[in-house]
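Undergrad: Next comes the sequence, and after it the predicted model I'd like to discuss.
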Amino acid sequence: MSIIAWIILGLLAGAIAKILLPGRDPGGFIGTTVIGIAGAFIGGWISTRWLDHPITKDFYDGTTWVAAIGGSLVLLIAYRIMFGHSRD
């Protein structure tokens with residue numbers, strides 16, 4: 001996939017992660033979007049590197065989506081733990 005496809009996948013994965021993990025985020029919409037994009041890249045890298053599930057070139061592959069959403073969830077949880085009380 002191209003870098004543009006990974007960014008689009010990251011946007012969608014970030015939105016899905018936000019739906020799965022509702023609540024207030026310290027960064028708002030833009031922060032959640034950036035976390036989604038970074039989570040897609042990190043999830044794909046972890047999946048390829050350590051889980052022995054290479055990411056295919058197909059945008060509609062289930063493994064790619066699970067890796068992107070999983071990476072977004074992990075980053076969103078870590079972000080909330082580190083910066084969650086900054087907007088109280």
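TA: Yep, it's here. Numbers count the residues shown, from 1 in each chain.

Undergrad: Quick test: name the residue nearest the centre of the protein.
TA: Central residue of the chain (Cα atoms, centre = their mean): S72, 2.3 Å from the mean position.

Undergrad: This protein: helices as residue ranges?
TA: Secondary structure of the chain (DSSP state H): helices located at 3-20, 28-49, 62-83.

Undergrad: in stretch 5-20, what counts as buried?
TA: W6, I7, L9, G10, L11, L12, A13, G14, I16, A17, K18 (16 or more other Cβ atoms under 10 Å). For every residue, glycine as well, the C-beta is placed using N, CA and C.

Undergrad: Assess the claim that the fifth one and I37 are in contact.
TA: In other words, L11. Yes - contact criterion Cβ atoms under 8 Å: L11 and I37 qualify, at 6.6 Å.

Undergrad: quick one: contacts for the closest residue to G39 other than its chain neighbours?
TA: Here the nearest residue to G39 in space, its sequence neighbours aside, is S72; by Cβ to Cβ, 6 or more residues apart in numbering that works out to 3.1 Å. Residues in contact with S72 (Cβ atoms under 8 Å, 6 or more residues apart in numbering) are G10, A13, G14, I16, A17, I35, G36, G39, A40, G43.

Undergrad: can you list the residues you listed in TSV and add pLDDT?
TA: Formatted as TSV, the contacts of S72 follow (pLDDT from 0 to 100):
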residue	pLDDT
G10	81
A13	84
G14	81
I16	83
A17	81
I35	82
G36	79
G39	83
A40	80
G43	80
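
Undergrad: Pick out whichever of the residues you listed sits closest to R49.
TA: Nearest to R49 among the contacts of S72: G43, at 10.9 Å, using Cβ to Cβ.

Undergrad: show me the contacts for that closest one.
TA: Neighbouring residues of G43 by Cβ under 8 Å, 6+ apart: A13, V66, A67, A68, I69, G70, G71, S72, V74.

Undergrad: Greatest separation within those residues: which pair is it?
TA: Across the contacts of G43, the longest distance by Cβ to Cβ is 12.3 Å; it joins V66 and V74.
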